[in-house]
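Colleague: Have a look; sequence and predicted model below, questions after that.
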Amino acid sequence: MKHLSPTHFSFLGSLLLLLVAGGVLAFFYTESRAAWQEVMAVRNDIALATRREALSHSVEAVLADTVGERAELERYFVGSDDAASFIETLETLARETRVTLDIESVDEARSEDATLGAVRTVLVARGSWTAVSHFLAVMDGLPTLHNIDEFSLDHADGPIQWRLTVTLTAFKLGNQ
């Protein structure tokens, strides 16, 4: 076996040192890359939490700023348990306008997504032309969201008596 010359020995030592240094660098590179990925994941989690908190404060601010408007909006709808008081309102209007009121039917329905409901009422009012037309105008001016789906007006029980048949739908909010 030949002996290694000092130049060869020095070259092999340098090569071995270079391989060890490369291995150490590769180890630190993979470890630092994993640590960097963890840092980025934590950074993204913090950014997401900050965004959620900002949105939460934003929603809370909107809710606080719109309390009055939402109360006004809720008064525009029939309450979920207020179908009876809505009918009582119609009966009061009938008394005030001097018509005789018969309520033929009351049905309640909900939309498929339950965000909006309705109270559908069929009414028959009898009285003079002035009283019946006034009742229709006052009913149309109710401070609730409603539609007069159908109405008919004809003589009833003599020439001065009129009969008004109305199908009225008043709307309800689903979250009430």
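Modeller: Okay, I see it. Residues are numbered from 1 along each chain as shown.
Colleague: Going by C-alpha atoms from here, please, whenever you check contacts or count neighbours.
Modeller: Noted.
Colleague: I'd like the next helix or strand past the helix or strand of the chain with the lowest mean pLDDT.
Modeller: Least confident helix or strand, the chain: helix 67-75 with a mean of 74, by mean pLDDT, DSSP states H and E. Helices and strands here follow DSSP states H and E; after helix 67-75, the next one along the chain is helix 83-96.
Colleague: That following helix - contacts with which helices or strands?
Modeller: strand 100-110, helix 129-140 (3 or more Cα pairs under 8 Å, 6 or more residues apart in numbering; DSSP states H and E).
Colleague: need the contact list for residue 129.
Modeller: 160-162 (Cα atoms under 8 Å, 6 or more residues apart in numbering).
Colleague: redo that, cut-off 6 Å
Modeller: residue 162 (Cα atoms under 6 Å, 6 or more residues apart in numbering).
Colleague: Check the gap between it and residue 22 for me.
Modeller: Separation of residue 129 from residue 22 (Cα to Cα, to the nearest Å) stands at 103 Å.
Colleague: Tell me how many other residues crowd residue 38.
Modeller: Using other Cα atoms under 10 Å, residue 38 has 12 other residues around it.
Colleague: Please report how far it lies from residue 45.
Modeller: For residue 38, the distance to residue 45 - Cα to Cα - is 11 Å.
Colleague: Equivalent analysis for residue 75, please.
Modeller: For residue 75, the distance to residue 45 - Cα to Cα - is 42 Å.
Colleague: can I assume residue 3 sits in a strand?
Modeller: No: looking at residue 3 with DSSP: H, G, I helix; E, B strand; the rest coil, it is coil, so not inside a strand.
Colleague: what's the burial count for it?
Modeller: 7.
Colleague: mind listing what it touches?
Modeller: No contacts exist for residue 3 under Cα under 6 Å, 6+ apart.
Colleague: For residue 9, see how far away it is.
Modeller: 10 Å.
Colleague: cool, and residue 83?
Modeller: In terms of Cα to Cα, residue 83 sits 101 Å off from residue 9.
Colleague: now residue 90
Modeller: For residue 90, the distance to residue 9 - Cα to Cα - is 110 Å.
Colleague: more neighbours, those two?
Modeller: Neighbours were counted for residue 90 and for residue 9 using other Cα under 10 Å; residue 90 has more, 19 against 12.
Colleague: Show me what counts as buried in stretch 89-108.
Modeller: 90-91, 93-94, 97-99, 101, 106 (16 or more other Cα atoms under 10 Å).
Colleague: need those in TSV with distance to residue 63, can you?
Modeller: Listed next are these as TSV, based on distance: Cα to Cα, whole Å:
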residue	distance to residue 63
90	33
91	36
93	35
94	38
97	40
98	43
99	43
101	41
106	34
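Colleague: Now do the least confident helix or strand of the chain: distance to the chain's middle.
Modeller: 15 Å (Cα atoms, centre = their mean, to the nearest Å).
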